[in-house]
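Engineer: Here is my input; please provide its structure:
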Amino acid sequence: MVSFKSLKKVGVIGLMSGTSLDGLDLCFAEFEIKNKQWTFVIKATKGISYSTGWRNRLNQAFFTKEEDFKKLETDYGTFLGSETSIFMDEQGIKDEVHLVASHGHTVFHEPSKGITVQIGDGAQIAKLANKPVINNFRIKDVQLGGQGAPLVPVGDAFLFSEYDACLNLGGIANVSYQQKKQRLAFDIAPCNLPLNKIMRNFYQKEFDENGDLAQSGDCIEALLSQLDQLAYYKLEAPKSLAVEWLNKQFDPILQQYMNDDYDLADVMHTIIQHETKQIAQVLNANKIKTVLVTGGGAYNGFFMEELINKSKAQIIKPTNQIVEFKEALIFAFLGLLNVLGETNTFKSVTGATHDSIGGFVTYP
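Structural biologist: Below is the predicted model of the structure:
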């Protein structure tokens with residue numbers, strides 16, 4: 001068994017599947033601590049788009065019967081383990097990888113009820129990758145009264161401390177920043193989820209390239225007003241969003257405008273106006289000066305243009321590799337912190353009773 005504390009450099013593969021159902025991100029990075037400061041080098045990355053079959057299974061997982069859900073948990077773990085093994089073979093890195101850290105795919109997340117489930121059987125991943133695996137990062141924090149999210153701010157604090165804030169434009173937009181010697185973070189608003197859903201359902205496309213369709217539309221003021229008045233935006237942090245909230249709160253409002261009386265381009269334009277307004281309000285209220293922006297939304301030219309116009313902060317888009325793989329990188333880091341016995345979940349961002357070491361280790 002590897003003694004991780006004895007290693008000068010530790011190679012970890014991080015696996016990330018986001019709520020937007022784009023696919024699986026794999027990031028292999030080496031981590032080292034120098035002068036009490038963590039450094040990292042990304043050695044290899046890979047993005048795998050989900051097949052229609054996998055996207056449908058994951059999209060319907062919330063409604064799956066118990067016996068079918070157990071099979072999905074195993075099957076998805078097999079998928080993750082198989083893809084990790086293929087990735088290591090393709091890159092010739094099997095001997096350099098000490099650990100695999102898997103976020104899994106979130107199916108249930110209702111922390112107020114003590115529920116959070118990220119599927120992807122760790123035993124299957126460990127067996128197929130033949131590496132120790134850390135997964136189920138969120139449940140311990142939820143058991144401690146926290147939101148179980150966000151977890152990425154730990155990585156933001158240790159790996160990207162040169163920026164005032166880190167903003168991720170994924171399925172949901174979330175922010176992380178330092179305030180009075182503690183890290184604060186929370187989900188701000190939906191981001192790509194409702195936009196991609198419209199593109200898939202009505203245009204048979206994965207996303208709105210560069211935001212061109214949304215940019216061609218006009219703002220529906222009544223819709224904008226309804227979205228802005230959603231109760232979530234008045235809640236104090238820590239707080240988090242999940243697909244369930246969109247299904248119950250956000251989508252029913254959109255449905256009122258999904259008819260022949262309104263153009264879909266106008267609906268999408270309004271969604272972006274709403275989302276960028278909510279994000280800019282948070283950045284401006286907290287006097288954020290420099291923001292590192294990552295996630296798929298960073299490629300949406302119209303979204304970024306509106307965010308820059310509304311925000312007083314300097315919006316910084318890093319390399320494409322960081323834009324696309326930052327979350328997978330950070331889950332690799334969280335896995336490393338786990339095996340080192342160091343805190344990888346901050347109570348200041350989740351609302352738990354205390355900091356904790358999230359995740360469970362499975363050996364092959």
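Engineer: you'd agree Ala298 is up against Val323?
Structural biologist: Yes. Using Cβ atoms under 8 Å, Ala298 and Val323 qualify as a contacting pair, with a distance of 4.9 Å. (Glycine included, C-beta is placed from N, CA and C.)
Engineer: Between the two, tell me which one has more neighbours.
Structural biologist: Residue environment comparison for Ala298 versus Val323 gives the larger neighbour count to Ala298, 23 against 19, counting by other Cβ atoms under 10 Å.
Engineer: Next one: that one from Ile315, what distance?
Structural biologist: Distance of Ala298 to Ile315, computed by Cβ to Cβ, to the nearest Å: 9 Å.
Engineer: Give me the common contacts of those two.
Structural biologist: Residues touching both Ala298 and Ile315 by Cβ atoms under 8 Å, 6 or more residues apart in numbering: Met304.
Engineer: Please enumerate the helices of the stretch 201-350 of the chain.
Structural biologist: Assignment of helices within the stretch 201-350 of the chain using DSSP state H, counting those that start in this stretch yields the ranges 212-216, 221-228, 243-245, 251-255, 264-285, 301-310, 320-339, 347-350.
Engineer: can you put these in a markdown table and add distance to Val107 and mean pLDDT?
Structural biologist: As requested, these are arranged in a markdown table below (distance: least, Cβ to Cβ, whole Å; pLDDT from 0 to 100):
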| stretch | distance to Val107 | mean pLDDT |
| --- | --- | --- |
| helix 212-216 | 29 | 98 |
| helix 221-228 | 26 | 98 |
| helix 243-245 | 9 | 87 |
| helix 251-255 | 18 | 97 |
| helix 264-285 | 24 | 98 |
| helix 301-310 | 27 | 98 |
| helix 320-339 | 17 | 96 |
| helix 347-350 | 19 | 92 |
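Engineer: Make JSON lines out of the ones you listed and add distance to Asp75.
Structural biologist: Rendered in JSON lines, the data for the helices of the stretch 201-350 of the chain read as follows (distance: least, Cβ to Cβ, whole Å):
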{"stretch": "helix 212-216", "distance to Asp75": "35"}
{"stretch": "helix 221-228", "distance to Asp75": "36"}
{"stretch": "helix 243-245", "distance to Asp75": "20"}
{"stretch": "helix 251-255", "distance to Asp75": "28"}
{"stretch": "helix 264-285", "distance to Asp75": "33"}
{"stretch": "helix 301-310", "distance to Asp75": "34"}
{"stretch": "helix 320-339", "distance to Asp75": "21"}
{"stretch": "helix 347-350", "distance to Asp75": "30"}
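Engineer: right, and these - which one's nearest Lys113?
Structural biologist: Of all the helices of the stretch 201-350 of the chain, the one in closest proximity to Lys113, counting by Cβ to Cβ, is helix 243-245 (10.5 Å).
Engineer: For the closest one, buried residues please.
Structural biologist: When neighbours are counted by 16 or more other Cβ atoms under 10 Å, the buried residues of helix 243-245 are found to be Val243, Trp245.
Engineer: One more: stretch 342-358?
Structural biologist: Using 16+ other Cβ under 10 Å as the test for burial, stretch 342-358 gives 344-352, 355-358.
Engineer: out of these, what pair is the most spread apart?
Structural biologist: Taking Cβ to Cβ, the two most distant members of the buried residues of stretch 342-358 are Gly351 and Ile357; they sit 17.2 Å apart.
Engineer: quick one: the strands in this structure?
Structural biologist: All strands of the chain, identified by DSSP state E, fall at 10-17, 23-34, 37-49, 99-102, 105-110, 115-119, 133-135, 165-169, 172-179, 182-190, 290-294, 314-316, 360-362.
Engineer: In terms of mean pLDDT, which of those ranks lowest?
Structural biologist: When mean pLDDT is averaged over each of the strands of the chain, strand 105-110 scores lowest at a mean of 87.
Engineer: What strands flank that strand, and is each parallel or antiparallel?
Structural biologist: Sheet pairing here is set by DSSP bridges, and for strand 105-110 it gives strand 115-119 (antiparallel).
Engineer: Quick one: distance of the partner strand to the chain centre.
Structural biologist: If you compare the mean C-alpha spot of strand 115-119 with that of the full chain, they lie 14 Å apart, counting by Cα atoms, centre = their mean, to the nearest Å.
Engineer: ok, and what's touching that strand?
Structural biologist: The contact list for strand 115-119, computed with Cβ under 8 Å, 6+ apart, reads 61, 69, 72-73, 76-77, 103-110, 135-139, 142, 148-149.
Engineer: Please apply the same query to stretch 224-242.
Structural biologist: 19, 106, 109-111, 146-150, 172, 184-187, 189-190, 245, 249-250, 253, 256, 270-271, 273-274, 277-278, 348-351.
Engineer: Of the helices of the stretch 201-350 of the chain, which is nearest Leu26?
Structural biologist: Comparing those under Cβ to Cβ, the one sitting nearest is helix 320-339, at 6.4 Å.
Engineer: hey, C-alpha coordinates of the closest one in CSV?
Structural biologist: This file holds the C-alpha atoms of helix 320-339, laid out as CSV (Å, rounded to 0.1, in the frame of the first residue of the first chain):
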residue,chain,number,x,y,z
ASN,A,320,-8.8,26.3,-22.4
GLN,A,321,-7.4,23.4,-20.3
ILE,A,322,-8.2,25.2,-17.1
VAL,A,323,-11.6,26.4,-18.3
GLU,A,324,-12.6,22.8,-19.2
PHE,A,325,-10.9,20.7,-16.5
LYS,A,326,-10.6,22.8,-13.4
GLU,A,327,-13.3,20.9,-11.5
ALA,A,328,-11.8,17.5,-12.4
LEU,A,329,-8.4,18.9,-11.3
ILE,A,330,-9.8,20.1,-8.0
PHE,A,331,-11.5,16.8,-7.3
ALA,A,332,-8.1,15.1,-7.9
PHE,A,333,-6.7,17.5,-5.3
LEU,A,334,-9.6,16.8,-2.8
GLY,A,335,-8.9,13.1,-3.1
LEU,A,336,-5.2,13.7,-2.3
LEU,A,337,-6.1,15.8,0.8
ASN,A,338,-8.3,12.9,1.9
VAL,A,339,-5.5,10.3,1.8
